[in-house]
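In: The following block contains a protein sequence and its predicted model.
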Amino acid sequence: MKTIGITGGIGSGKTTCCRIFETLGIPVYYADPRAKKLMTSDKLLKAQIKELLGKDAYFRNGRLNRGFIASKIFNDKALLKKMNGMVHPAVGRDVIAWASQQDAPYILYEAALLVENGSYKNFNKLIVVSCPQEERIRRVMSRDDVDMKDVKARMKHQLPESKKLAVADFVIVNDGQEMLIPQIMEVHEQILGG
């Protein structure tokens, strides 16, 4: 089974594109939500996070204290690297188990930072969802009810779109002008054929 990475900058419309692929019977592994789930359900990972950040990383009910964790790791690059070094292997184990249960010609692995962390090289092909920065900012401001400053701060953690496009096997333009379904159908057919 082929594994295809799909990425794009924040607000580019990765999830919308993935939902269309799902209508074609293509399973999608959504890395960020799965990682958050694993941080509360994977006993080994949970123990590692508590050891790294302390018991305040979780509320008494076992839920993740995301505000606390973000305040720690996004202000300390070494801590962020250690956290990623724990979460990424857990996600890796989870996606292997998930993929073994799928029955499709290929699967999609959706994540924002595939190019930034170099993991795009582990996939058979890479799809990049492209969208102008102004439109992405507008979408995220509307979706997350945040101001432009917050969106731009998040964007600083991602590579410029041009760097992602440089390593893309397929590009889906989601600028609000181009039709998505014909583009996705073309990519789907090329993946099936190649």
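Out: Thanks, I have it. Numbering: from 1, shown residues only.
In: Now do the same contact list for the residue nearest the centre of the chain.
Out: Geometric centre of the chain, nearest residue: residue 111, 1.7 Å, by Cα atoms, centre = their mean. Listed by Cβ atoms under 8 Å, 6 or more residues apart in numbering, the contact partners of residue 111 are 5, 7, 31-32, 119. Quick note: C-beta positions are derived from backbone N, CA and C, even for glycine.
In: Show the pLDDT at the closest residue to residue 87 other than its chain neighbours.
Out: Closest residue to residue 87 apart from its sequence neighbours, by Cβ to Cβ, 6 or more residues apart in numbering: residue 35 at 5.4 Å. If you check residue 35, the pLDDT there is 95.
In: so residue 35 sits in a strand?
Out: No - assigned with DSSP: H, G, I helix; E, B strand; the rest coil, residue 35 falls outside any strand and is helix.
In: So it versus residue 89, what's the distance?
Out: Separation of residue 35 from residue 89 (Cβ to Cβ, to the nearest Å): 11 Å.
In: Between those two, which has more neighbouring residues?
Out: Using other Cβ atoms under 10 Å, the more surrounded residue of residue 35 and residue 89 is residue 35, with 18 against 13.
In: Show me the longest helix that occurs in this structure.
Out: Ranked by residue count under DSSP state H, the longest helix found in the chain is helix 77-100.
In: ok, and for that one, which residues are buried?
Out: Across helix 77-100, burial judged by 16 or more other Cβ atoms under 10 Å covers 82-83, 86-87, 90-91, 94-95.
In: Neighbour-wise, give me the winner out of the contacts of residue 111.
Out: Neighbour tally across those (other Cβ under 10 Å): the maximum, 27 neighbours, falls on residue 7.
In: From the contacts of residue 111, which land in strands?
Out: Among those, the members falling in strands (DSSP state E) are 5, 7.
In: Of the contacts of residue 111, which is the nearest to residue 42?
Out: Of all the contacts of residue 111, residue 42 sits closest to residue 31, with 14.2 Å by Cβ to Cβ.
In: Leaving out sequence neighbours, find the closest residue to residue 62.
Out: Among residues not flanking residue 62 along the chain, residue 40 sits closest, at 6.2 Å (Cβ to Cβ, 6+ apart).
In: What of residue 128?
Out: Sequence neighbours aside, residue 168 is the residue nearest to residue 128 in space, at 3.9 Å (criterion: Cβ to Cβ, 6+ apart).
In: Including distance to residue 70 and pLDDT, could the contacts of residue 111 go into JSON lines?
Out: Shown next, in JSON lines, are the contacts of residue 111 (distance: Cβ to Cβ, whole Å; pLDDT from 0 to 100):
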{"residue": "5", "distance to residue 70": "25", "pLDDT": "98"}
{"residue": "7", "distance to residue 70": "22", "pLDDT": "97"}
{"residue": "31", "distance to residue 70": "18", "pLDDT": "95"}
{"residue": "32", "distance to residue 70": "13", "pLDDT": "91"}
{"residue": "119", "distance to residue 70": "22", "pLDDT": "92"}
